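> Please find the sequence and the predicted model below.
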Amino acid sequence: MTALALLTFGEDGVATGHRLVDPDSPALAITELAATRGDGIFETVGLVGGRTLKLDRHLARFSSSARMLDLPAQDLAVWRAALRDVAASLDPGRASYVKLVLSRGVEGSGIPTGWAFGTAHESYDDVHRDGVRVTLLDRGYPHDVAQTSPWLLQGAKTLSYAVNRAAYREAARRDADDVIFTTSDGYLLEGPTSTIILRSGRTLRTSRTDLGILAGTTQAELFDWAATQGYTCTYDLLTPGDLADAQAAWLVSSVRLCAPVRSVDGAAKTVDADLTAAFNAHLRSLAG
Ligand code: PLP
C-alpha cells in the first residue's frame, strides 16, 4: 500500500498546499532536477501504528538541508499536513515510512518540486536479532572536509545517493551487509544510511557531527533517552580501534531502527541483545 501527495508552491518557492494523487500515475517531468541531477533534499520519517517517530527532529534537519543547498526556506506546517494525509492513507497495521522530497524543480522553472510518498516496509526483526556484518570503506575525504569544502554538501541529506548505493554493492562483494565509512585520515564516520553508536560499559559514543556526516535523528533521540537511563553519551573522533575495542556497536536509522553490528571485516562482535531491544522499544514508543 502506498500514498503520494504533491506539494504546490508559490512564486517564492515556498510550499503553499498539497493534493493527494494516485501514486501509480506519472508525477514528475523528465527535466525534473531531482531525477536528472539529484539536486534536492529528502527526509525519511518512520511510522509505527500510523504515527510518526520523532517528526520534529526530521523537520528541523529538512530545514537545515534546504539551507545548505540554498533552497527556499519552507513553511513546515504545509509539509506536516502533506505528511499527515499520506500517513492517514496507509495501513496503520504495517510499519511504514513517509519520504519528504524537495528538489530544485523542473530545469529552468525556478520553482521547486516537492512530494510526500508513503509506503509500508519489510520487517527488520531478523536484523535486530542477528545483527549486520560490516565492512569499513574509505570515503576519501579528511575529517575536516565539511569546514574546508562546504560545497561538497557533506552533512546535508541530499538526493545524491549513488555513492551510498555503490558502497552497499562493494559491501556485498566483500560478503558484508553494511558499511561504516572512514575518513582518509583514519576516523570512523557513518553508514551509507545510518549513524554509528559504540558502547563501552555505561558510555555510548558516536562520531562528531562536524566530520561531514549527517546528524542522525535516531542517534540523537537515543542519546537523549540513554542519558535518562544513566549512560554517559559523547561525540568523539573515533577510530577503527575504538570500534574493535567497543563492547557493542550499532548502526541506527529511522526505518531499520537499531541494527547491532555482529562483525567488522570478518572479526566477530558481541551483539548486545538487551540494549538493542531497549533502544528499539524506546524508538517505537515515540509514535505520536
Ligand atoms: N547517515 C546517513 C548518510 C543517512 O542517510 C541516514 C539516514 O538515512 C542516517 C545517517 C541516519 O539518520 P536518521 O537516524 O535520521 O534516519
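Perfect, thanks for sending it.
> residues in contact with stretch 24-35?
2, 4, 6, 21, 39-40, 101, 103-108, 113, 115, 159 (C-beta atoms under 8 Å, 6 or more residues apart in numbering). C-beta here means a position set from N, CA and C on the backbone, and glycine is covered the same way.
> Restricted to buried residues, select those residues in ChimeraX.
Of the contacts of stretch 24-35, the buried ones go into a single ChimeraX selection, burial set by 16 or more other C-beta atoms under 10 Å:
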select :4,6,39,40,101,103,104,105,106,113,115,159
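> can you tell me which two in the contacts of stretch 24-35 are farthest apart?
The widest separation within those, taken as C-beta to C-beta, falls between 2 and 108 and amounts to 30.0 Å.
> and the stretch 101-250 of the chain, which residues reach the ligand?
190, 192-195, 214, 216-218 (C-beta under 6 Å from any ligand atom).
> Just the ones of the residues you listed in helices?
Taking DSSP state H as the definition of helices, these contribute 217-218.
> Save the residues of the stretch 101-250 of the chain next to the ligand as a markdown table, and put in pLDDT and neighbour count too.
Listed next are these as a markdown table, based on pLDDT from 0 to 100; neighbours: other C-beta atoms under 10 Å:
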| residue | pLDDT | neighbour count |
| --- | --- | --- |
| 190 | 98 | 28 |
| 192 | 98 | 21 |
| 193 | 98 | 19 |
| 194 | 98 | 25 |
| 195 | 98 | 23 |
| 214 | 98 | 21 |
| 216 | 98 | 25 |
| 217 | 98 | 25 |
| 218 | 98 | 25 |
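> what's the most distant pair in the residues of the stretch 101-250 of the chain next to the ligand?
192 and 217 (16.2 Å).
> one step back: mind checking which of the contacts of stretch 24-35 land in strands?
Those of the contacts of stretch 24-35 mapping onto strands are 2, 4, 6, 21, 40, 101, 103, 113, 115, per DSSP state E.
> I'd like to know which of those is nearest to residue 269.
Residue 269 has its nearest neighbour among those in residue 101, at 35.1 Å by C-beta to C-beta.
> How about the closest one: which residues does it bridge to?
residue 42, residue 115 (DSSP bridges).
> can I assume it is in contact with residue 45?
No. Using C-beta atoms under 8 Å, residue 101 is not in contact with residue 45, being 11.8 Å away.
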